[in-house]
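K.L.:
Sequence first, predicted coordinates after that:
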Amino acid sequence: MVTIDGMLASYLFFGIVLVRCSGLAVYAPFFGSEYFPLRARIGLVVFFALLMFPFARQTAVVPTTLGATELGLLVLQELTVGLSLGFLSSLVFMGAQLGGQLIGQQVGFAMANVIDPTTDEQVSLIGFLQMNLALLVFLVAGLHLAVVNVLKFSYEQVGIGTLVYDRFAMEINHQATCHMNSMFLVSLRLAMPVLLVMLLNSVVEGFITRTMPQMNIMVLGLPLRVALGMTALMCMMPAMLAALEDALRDMAKDLESTVYSLHHAMS
């Protein structure tokens with residue numbers, strides 16, 4: 001057992017605050033992006049920890065005597081909270097990418113993939129476009145600051161050392177289900193206009209095939225699908241941007257509601 005007092009307590013407490021900020025920065029949109037150099041991300045996490053330090057001290061429940069097991073469990077708790085918040089905040093972006101992938105499959109870009117530098121995975125062209133549009137809206141609307149505010153709110157509502165794992169697991173499972181439902185709704189809202197155009201195109205192609213079987217619809221159909229799909233995508237772009245902004249604002253509000261629910265679940 002180690003007695004924590006004085007300057008050692010301050011340094012140790014700052015390290016614990018740093019853990020939650022690090023967990024958030026792993027998954028959070030923009031902050032966890034591979035676009036950021038590693039040193040810049042480390043500096044950003046330290047900066048967040050300095051900002052959150054005063055708020056964390058007000059609600060922390062840390063005993064003056066800590067063993068290695070208690071300290072490890074405390075660090076694991078903070079990492080869990082940070083990773084959970086970061087993952088939930090990224091689900092809207094996954095929904096945007098899923099919507100773009102649905103559009104790409106119907107338009108004819110199913111085999112055309114690019115490497116997404118934020119995840120180091122292959123994604124469809126339209127999915128990559130919508131993912132970057134969501135990131136652009138996220139930054140222009142100032143919602144990256146809302147994520148930082150949620151981090152501050154989490155220290156106020158779920159203080160260091162107050163986490164109860166069984167209650168936290170039940171509540172975060174419920175919240176993750178709600179956020180994933182929102183993710184699929186976002187993907188459908190973004191993809192539905194183009195999917196409807198592609199459905200109408202398929203109906204017309206089927207009608208032409210029945211009435212004029214000598215026409216090679218396989219040769220003429222693909223360029224037509226691409227042209228119609230891209231035209232519909234460009235025409236619906238303002239509505240898609242508005243839908244993305246609404247979804248991202250709802251995400252920030254849902255994150256605050258999640259933190260508030262965690263507070264009540266563990267009180």
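P.N.:
Structure's in. What do you need?

K.L.:
The stretch 51-200 of the chain: helices as residue ranges?
P.N.:
All helices of the stretch 51-200 of the chain, identified by DSSP state H, counting those that start in this stretch, fall at 68-107, 125-140, 143-157, 165-211.

K.L.:
what would those helices look like in CSV with distance to residue 21, mean neighbour count and mean pLDDT?
P.N.:
Where you see a C-beta, it was placed from the backbone N, CA and C, and this is true even at glycine. Converted to CSV, those look like this (distance: least, C-beta to C-beta, whole Å; neighbours: other C-beta atoms under 10 Å; pLDDT from 0 to 100):
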stretch, distance to residue 21, mean neighbour count, mean pLDDT
helix 68-107, 7, 21, 86
helix 125-140, 19, 20, 87
helix 143-157, 7, 19, 88
helix 165-211, 18, 16, 85
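
K.L.:
Now for the spatially most central residue of the chain: which residues touch it?
P.N.:
Nearest to the mean C-alpha position of the chain, by C-alpha atoms, centre = their mean, lies residue 90 at 0.5 Å. Listed by C-beta atoms under 8 Å, 6 or more residues apart in numbering, the contact set of residue 90 reads 27, 28, 29, 32.

K.L.:
Quick check: it vs residue 209, distance?
P.N.:
Remark: distance between residue 90 and residue 209 (C-beta to C-beta, to the nearest Å) = 43 Å.

K.L.:
Does residue 241 touch residue 134 like I think?
P.N.:
No - if you go by C-beta atoms under 8 Å, residue 241 and residue 134 don't touch, sitting 9.3 Å apart.

K.L.:
Work out the gap between stretch 69-78 and the centre of the chain.
P.N.:
Relative to its chain's centre, stretch 69-78 lies at 25 Å (C-alpha atoms, centre = their mean, to the nearest Å).

K.L.:
which one is residue 134 nearest to, not counting chain neighbours?
P.N.:
Once flanking residues are discounted, residue 134 sits nearest to residue 96: 4.1 Å by C-beta to C-beta, 6 or more residues apart in numbering.
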